[in-house]
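# Curious how this folds, go ahead:
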Amino acid sequence: MAATNPSVFLLMVNGQVESAKFPEYDDLYCKYCFVYGQDWAPTAGLEEGISQITSKSQDVRRALVWNFPIDVTFKSTNPYGWPQIVLSVYGPDMFGNDVVRGYGAVHVPFSPGRHKRTIPMFVPESTSKLQKFTSWFMGRRPEYTDPKVLAQGEGREVTRVRSQGFVTLLFNVVTKDMRKLGYDTGPADTHGIPGPSLPQGISG
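So this is what the prediction gives:
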């Protein structure tokens, strides 16, 4: 009976935090975590992870390649609070302290298939020159105590930030029982089109 009348749908996401471009920095690592609404619950996989440290490639691209895997399954009764992935990139400053080099967030794509997303990253800025000098001298740059606030709108408009780098993610998305619950996620495309121009995808 449960198979014919499902009460929840499943969202299965795997893929990888593929690479990054931070022209000014090297020897970086990445943390990720998922943020989702109260009607969602993870049923398998990992909600957060931390990658290895990577150095820039020696070719002309000078890319930072992690190829760090993502694999998680969620269940929910409605799409409100659709999961977002929040990224934080860290690396050493000139004194050897780990400091944040970029934050970014994007929704998991809504349609099944293979999706590629390039996320612009940013860092919080000090509000005065004195604070900038003090944070540089003390080796304590402005950063969020909880990066999950990036997935929420409250208070974001009063935070001064500076753009800095890009991170590329690869998603493979599978949904189950969404149509049975009356939700249309677009054409059932199992192949998808890698790249940010996918018409049915939304990049948060």
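
# contacts, neighbours, all on C-alpha from now
OK.

# just for the chain, where's the confidence low?
1-4, 126-145, 153-160, 187-204 (pLDDT under 70).

# 90 - rerun?
1-7, 24, 57-62, 93-99, 123-164, 179-204 (pLDDT under 90).

# Show me where it has its strands.
Applying DSSP state E to the chain gives strands spanning 9-21, 29-35, 40-45, 48-50, 64-76, 84-92, 98-107, 113-124, 161-176.

# who wins for proximity to residue 152 among those strands?
Taking Cα to Cα, strand 29-35 is the member of the strands of the chain nearest to residue 152, at 9.1 Å.

# residues in contact with the closest one?
47-54, 83-91, 148, 151 (Cα atoms under 8 Å, 6 or more residues apart in numbering).

# Over to stretch 61-71?
Residues contacting stretch 61-71 (Cα under 8 Å, 6+ apart): 12-23, 26, 28, 45-46, 51-57.

# Show me how to select, in ChimeraX, the buried members of these.
Per 16 or more other Cα atoms under 10 Å, the buried members of those correspond to this ChimeraX selection:
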select :12,13,14,15,16,17,18,19,20,21,22,26,28,51,54,56
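
# circling back: out of the strands of the chain, which gets nearest to residue 185?
strand 161-176 (8.9 Å).

# what packs against the closest one?
For strand 161-176, the elements it packs on are strand 9-21, strand 98-107, strand 113-124, judged by 3 or more Cα pairs under 8 Å, 6 or more residues apart in numbering; DSSP states H and E.

# All set now, cheers.
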